[in-house]
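# sharing a sequence plus its predicted fold:
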Amino acid sequence: MLRMSTLLLRTLRDDPADAEVASHKLLVRAGYVRRIAAGIYSWLPLGYITFRNIERVVREEMDAAGFQEVHFPALLPRDPYERTNRWEEYGGSLFRLKDRRGNDMLLGPTHEEMFTLMIKGEFASYKDLPISIYQIQTKYRDEARPRSGIIRGREFVMKDSYSFDIDDEGLAASYEKHRQAYISLFDRLGLKYNIVSAVSGAMGGSRSEEFLAPCETGEDTYVLCPQCGYAANVEAMITKVPAYAGETPPAMQVFDSPNTPTIDSLVELLNKNHGGGFKGSDTLKNVLLMADGKAISILVPGDREVDLKRVEANLPGVEELRLFEDEDFKKFPGLVKGYVGPQDAKKLGITVYADPRIVKGSHWITGANVREKHVMYVTHGRDFEVDGFIEAAEVRAGDQCPECATPVVIDRAIEIGHIFQLGRKYAEALDLTVLDKDGKARVVTMGSYGVGVSRAVAAIAEQSHDEIGLIWPREVAPADVHIVATGKDDLPFDTAEKLAHDLEALGLRVMLDDRRDASPGVKFKDAELIGNPFIVIVGKALAEGKVELRDRKSGDKNEIALDGAPAAINKVVTAH
RNA sequence: CGGGGCGUAGCGUAGUGGCUAGCGCGCCUGCUUUGGGAGCAGGAGAUCGCGAGUUCGAAUCUCGCCGCCCCGACCA
């Protein structure tokens, strides 16, 4: 039983000055967490109980799926991370340190290497596969900018699991098992979420989905179709465009366009000198990028910006991607800043990628590769060719859903889980093979799967609170029932004490406000702030032999007879 | 890493060169109070982030450092 009279807890009346988002403010005010350093928090009793409840749900669902729990150190040697090149690749986000002998060590940001080596150390046969193992571990990432309280910390707890299979079909099955386990665990945690297609990106796998918990303060942006439920990370959003059905345009026509280095200035000139009705979307924007030292041009409709994150996600293998700088223009004298067109790309030695909207046969107004001149009727397939299509343009609310063509909405969310078909990258780097039926060595294929356990505390708080405090789903709340005793004599306190014991005997978890010196108002405010799903008030109504039961979320209040109260309360609570 | 802001008691804050650094919450003591963050009286608690400098005098001005928050870049 949690007794308010002795709990290590001091609720705060004011929002902390360094908190911006609701979860951060409330978790601090209600006495769940305290900041130690940027992105590093300690858990007070209430916070740690809640945290462990979430951890327990995660563990139970992992175990139910048949995955085996293991545990690695957070403090790790450099060597395994050297072999996968991540000692370097991880950059500034890796906490590096040296032991007394000068050996390089690190605090694990994620544990692919260690898991791979664990399987390699124990197993060597296809008969041992498939297997999935997991841990619940503290991770360390020296984020450039920790933010939003415990949503994005430098130290956080993650459940990470890894599947090992002999072939792609096995991987697909392991992936699906994890997907199902995640669905049941997030459902149990009472989180609202969308499963969103993601881009596997630099990790080099194939299929990947994120579990995103929608909330305004989330830092991930994703696309959602209100009609068919299609959901995708902005990087993974697919553009579907019908084939060009218009007439074949006349031959290219160059025109003078002084002082029109931007799309806006070009459209203005067109409408002034060439009749009205021109829009930014009639023009073709050529955005020049340097990709690992190679010049590429991205073609998008003039009214769209290029989204570098999307480009990067869709250009696998490229390590450094940046916009053209003046230095780069010097190296390509044929490119005239502000007047670039794709017609002469071959001649200029530039690779051209087009947004899917630049369909074959469509014609555009674009730069003439000559200062102060543009061209119209520049036609894809006739006047220029592209080296490939790429998802490059920014995604906007109202863009068409690739599944059903309904206008999509754009929403924000917190990433609470990520499942990922890793493939053979780590197995190859660390030489994880097993012998197959024919006695031949085969590289194992892996999946990796993460749940942010500490982050889930904040995600639930974000999704489940009101102006006056937190509102926990029962399974994660510090207690099922928060009993408040009010009054000046012993009766309400003795009654509350007995009720607490009776409820515990029925299997409920109880928090009891047995403070004799606090006023009723303080106790009510604290109970509401702390956010247990049910509040029982033992006070005034005792005169009629009743106690009051409140539903924290709905605010519903009911008086119930003290006689038989434990059973009645138990019934309401367990039906929740 | 670029831009902006902030650092005064456990928390929230006032104080732009001049007396013993002020107030609210919280904390301690006593009395009263007990269904919506009680009242009165008394009290404890602050090297004003750290270090240098300017000055008769610095929380206040200058320089350096450290820390924290926000926007962006980054984020298996």
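Structure received. Numbers count the residues shown, from 1 in each chain, chains lettered A, B, ... in the order given.

# list the residues that contact residue A:44.
Going by Cβ atoms under 8 Å, 6 or more residues apart in numbering, residue A:44 touches A:8, A:9, A:31, A:32, A:33, A:34. (Each C-beta comes from the backbone N, C-alpha and C, glycine too.)

# tabulate the residues you listed (CSV), appending pLDDT and neighbour count.
Listed next are the contacts of residue A:44 as CSV, based on pLDDT from 0 to 100; neighbours: other Cβ atoms under 10 Å:
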residue, pLDDT, neighbour count
A:8, 96, 8
A:9, 96, 16
A:31, 96, 20
A:32, 97, 29
A:33, 96, 24
A:34, 95, 13
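
# want to try TSV for those residues, with distance to RNA strand B and secondary structure as columns?
As requested, the contacts of residue A:44 are arranged in TSV below (distance: Cβ to the nearest atom of the strand, whole Å; DSSP: H, G, I helix; E, B strand; the rest coil):
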residue	distance to RNA strand B	secondary structure
A:8	13	coil
A:9	10	coil
A:31	10	coil
A:32	14	coil
A:33	12	strand
A:34	8	strand
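
# nearest to residue A:327, of the residues you listed?
Closest approach to residue A:327 among the contacts of residue A:44 (Cβ to Cβ): residue A:33, at 47.9 Å.

# doesn't residue A:27 make contact with that closest one?
Yes. Contact criterion Cβ atoms under 8 Å: residue A:33 and residue A:27 qualify, at 4.9 Å.

# so what sits against both of the two?
A:47, A:149, A:150.

# mind checking which of those residues are in strands?
Members of these lying in strands (criterion: DSSP state E): none.

# for residue A:256, state which of the residues you listed is nearest.
residue A:149 (57.1 Å).

# contacts only, for the residue nearest to that closest one when sequence neighbours are not counted.
Leaving aside its sequence neighbours, residue A:149 sits nearest to residue A:24 (Cβ to Cβ, 6 or more residues apart in numbering; 2.8 Å). Going by Cβ under 8 Å, 6+ apart, residue A:24 touches A:16, A:148, A:149, A:150, A:151, A:458.

# intersect those residues with the contacts of RNA strand B.
With Cβ under 7 Å from any atom of the strand as the criterion, these include A:16, A:148, A:149 near RNA strand B.

# isn't the last one right next to residue A:41, touching?
Yes. If you go by Cβ under 8 Å, residue A:149 and residue A:41 touch, sitting 7.4 Å apart.

# between these two, which has more neighbouring residues?
Using other Cβ atoms under 10 Å as the criterion, residue A:149 and residue A:41 rank with residue A:149 on top: 28 against 25.

# what sits against that one?
Residue A:149 neighbours (Cβ under 8 Å, 6+ apart): A:19, A:21, A:23, A:24, A:27, A:28, A:33, A:41, A:458.

# and the third one, how many neighbours?
Residues contacting residue A:23 under the criterion other Cβ under 10 Å number 28.

# and the helix or strand harbouring it, how far from the chain's centre?
Assessed by DSSP states H and E, residue A:23 sits inside helix A:22-29. Relative to its chain's centre, helix A:22-29 lies at 20 Å (Cα atoms, centre = their mean, to the nearest Å).

# how about the residues of the stretch 451-576 of chain A that lie near RNA strand B?
Residues of the stretch 451-576 of chain A lying close to RNA strand B by Cβ under 7 Å from any atom of the strand are A:452, A:468, A:486-488, A:516-522, A:524-526, A:528-529, A:537-541, A:548.

# drop anything exposed from the residues you listed.
Those of those that meet the buried threshold are A:452, A:486-487, A:518, A:524-526, A:528-529, A:537-539, A:541, A:548, by 16 or more other Cβ atoms under 10 Å.

# distance to residue A:122, secondary structure and pLDDT added to those, as JSON lines?
Putting these into JSON lines (distance: Cβ to Cβ, whole Å; DSSP: H, G, I helix; E, B strand; the rest coil; pLDDT from 0 to 100) gives the following:
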{"residue": "A:452", "distance to residue A:122": "28", "secondary structure": "strand", "pLDDT": "95"}
{"residue": "A:486", "distance to residue A:122": "60", "secondary structure": "coil", "pLDDT": "96"}
{"residue": "A:487", "distance to residue A:122": "63", "secondary structure": "coil", "pLDDT": "93"}
{"residue": "A:518", "distance to residue A:122": "56", "secondary structure": "coil", "pLDDT": "95"}
{"residue": "A:524", "distance to residue A:122": "56", "secondary structure": "helix", "pLDDT": "97"}
{"residue": "A:525", "distance to residue A:122": "55", "secondary structure": "helix", "pLDDT": "97"}
{"residue": "A:526", "distance to residue A:122": "51", "secondary structure": "helix", "pLDDT": "98"}
{"residue": "A:528", "distance to residue A:122": "51", "secondary structure": "helix", "pLDDT": "98"}
{"residue": "A:529", "distance to residue A:122": "49", "secondary structure": "helix", "pLDDT": "98"}
{"residue": "A:537", "distance to residue A:122": "57", "secondary structure": "strand", "pLDDT": "98"}
{"residue": "A:538", "distance to residue A:122": "57", "secondary structure": "strand", "pLDDT": "97"}
{"residue": "A:539", "distance to residue A:122": "61", "secondary structure": "coil", "pLDDT": "95"}
{"residue": "A:541", "distance to residue A:122": "62", "secondary structure": "helix", "pLDDT": "95"}
{"residue": "A:548", "distance to residue A:122": "58", "secondary structure": "strand", "pLDDT": "98"}
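
# which single one of the residues you listed is nearest to residue A:285?
Taking these together and measuring to residue A:285 by Cβ to Cβ, the closest member is residue A:452, at 37.8 Å.

# surely that closest one touches residue A:156?
Yes. Using Cβ under 8 Å, residue A:452 is in contact with residue A:156, at 6.5 Å.

# ok so, going back, from RNA strand B, how far out is the residue nearest to residue A:149?
7 Å (Cβ to the nearest atom of the strand, to the nearest Å).

# pLDDT score assigned to the spatially most central residue of chain A?
Of all residues in chain A, the one closest to the mean position by Cα atoms, centre = their mean is residue A:415, 1.9 Å from it. For residue A:415, the pLDDT comes out at 94.

# what's opposite it in the beta bridge?
In this structure, residue A:415 bridges to residue A:212 when assessed by DSSP bridges.

# likewise residue A:469?
For residue A:469, the beta-bridge partners under DSSP bridges are residue A:466.

# for it, give its distance to residue A:525.
Between residue A:469 and residue A:525 the computed distance is 8 Å (Cβ to Cβ, to the nearest Å).

# dump the helix holding residue A:23 to CSV, restricted to CA.
Extracted C-alpha coordinates of helix A:22-29, given in CSV (Å, rounded to 0.1, in the frame of the first residue of the first chain):
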residue,chain,number,x,y,z
ALA,A,22,2.5,18.6,-20.9
SER,A,23,4.1,15.2,-20.0
HIS,A,24,7.2,17.0,-18.7
LYS,A,25,5.3,19.5,-16.7
LEU,A,26,2.9,17.0,-15.2
LEU,A,27,5.5,14.3,-14.4
VAL,A,28,7.6,16.9,-12.6
ARG,A,29,4.6,18.5,-10.8
